[in-house]
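Asker: sequence and predicted structure, then a few things I'm wondering about:
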Amino acid sequence: MVPFNNVVAAGQQSGVVTLGGEILDAACAMDTSSAYQVIEMDPMPIGRLIRLGEGDPHSFTLRLINCSLTRNDPDRPGEKLPDWQHIRVTFDGVSDRQGLSFAANGSSQGVAFYITDAEGRESFPGVPMTMIPFSSVRDQVLHYTLKLVGNNQPLSVGSHRAAVRFRLEYY
């Protein structure tokens with residue numbers, strides 16, 4: 001992922017983008033350093049990718065803070081709903097390899113990105129991962145690994161990038 005830099009050349013027009021959303025109910029807050037991450041990968045020779053079948057692992061985390069597992073019933077003041085017990089993460093982006101990995105954009109060819117969790121479970125674009133039980137009342141850190149993999153297309157040198165979004169659901 002490449003960070004966006006605000007650069008406006010002289011004489012260009014400007015505008016306003018209005019964004020809106022809705023928070024339904026959340027057990028935790030997202031640590032701001034987890035919400036937007038950039039993972040830089042070192043250059044990798046094509047021969048090494050061919051021999052190994054994948055690139056070096058790059059760890060990243062989603063850190064949930066200030067978790068409160070109890071929740072009030074909005075329809076019945078003073079009443080409680082069942083406590084949150086699980087969280088589920090869905091990574092989403094353009095898919096590659098028949099939905100098995102995330103597509104790479106750029107000048108390189110023949111590569112895709114592959115995400116697994118700390119237990120080695122695979123993430124498929126747009127498919128919810130296995131539910132994870134809450135381990136702590138205050139903070140929860142979810143560990144993932146990103147790897148560069150071949151996508152069964154001819155390899156060619158160049159740069160690559162992808163934007164992967166994630167969604168958190170509480171149960």
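Answerer: Great, that's in hand. Residues are numbered from 1 along each chain as shown.
Asker: spatially nearest residue to S95 (excluding sequence neighbours)?
Answerer: P125 (4.0 Å; C-beta to C-beta, 6 or more residues apart in numbering). Any C-beta I mention is one placed from the backbone N, CA and C, and that applies to glycine too.
Asker: no wait, F124
Answerer: Among residues not flanking F124 along the chain, G99 sits closest, at 5.7 Å (C-beta to C-beta, 6+ apart).
Asker: show me the strands in the chain, by range?
Answerer: Listed in chain order, the strands of the chain (DSSP state E) span 29-30, 58-65, 71-72, 80-81, 86-92, 95-96, 101-103, 105-106, 111-117, 122-123, 132-133, 140-150, 160-161, 165-170.
Asker: quick one, which of those strands gets closest to R48.
Answerer: Among the strands of the chain, strand 140-150 comes nearest to R48, with 10.3 Å by C-beta to C-beta.
Asker: what angle sits between the closest one and strand 165-170?
Answerer: Relative orientation of strand 140-150 versus strand 165-170 (axes from the mean of the first three to the mean of the last three C-alpha atoms, to 10 degrees): 140 degrees.
Asker: any regions of this structure where pLDDT drops low?
Answerer: Where the chain drops to pLDDT under 70, the residues are 1-24, 136-137.
Asker: give the contact list for D83.
Answerer: By C-beta atoms under 8 Å, 6 or more residues apart in numbering, D83 lies in contact with L69, T70, R71.
Asker: can you tell me how far it is from S156?
Answerer: Going from D83 to S156 by C-beta to C-beta, to the nearest Å gives 52 Å.
Asker: on that earlier part again, what about the residue nearest to S95, neighbour count?
Answerer: For P125, the neighbour count with other C-beta atoms under 10 Å is 21.
Asker: how about Y170?
Answerer: The burial count for Y170: 19, using other C-beta under 10 Å.
Asker: dump the residue contacts of it.
Answerer: Going by C-beta under 8 Å, 6+ apart, Y170 touches D25, A26, A27, C28, W84, H86, I87, R88.
Asker: closest one of those residues to I65?
Answerer: Nearest to I65 among these, with distances taken as C-beta to C-beta, is C28, at 6.4 Å.
Asker: from what I can see the closest one touches L62, true?
Answerer: No: applying C-beta atoms under 8 Å as the test, C28 and L62 come out as separate, 10.0 Å apart.
Asker: touching both of those two, which residues are there?
Answerer: L168.
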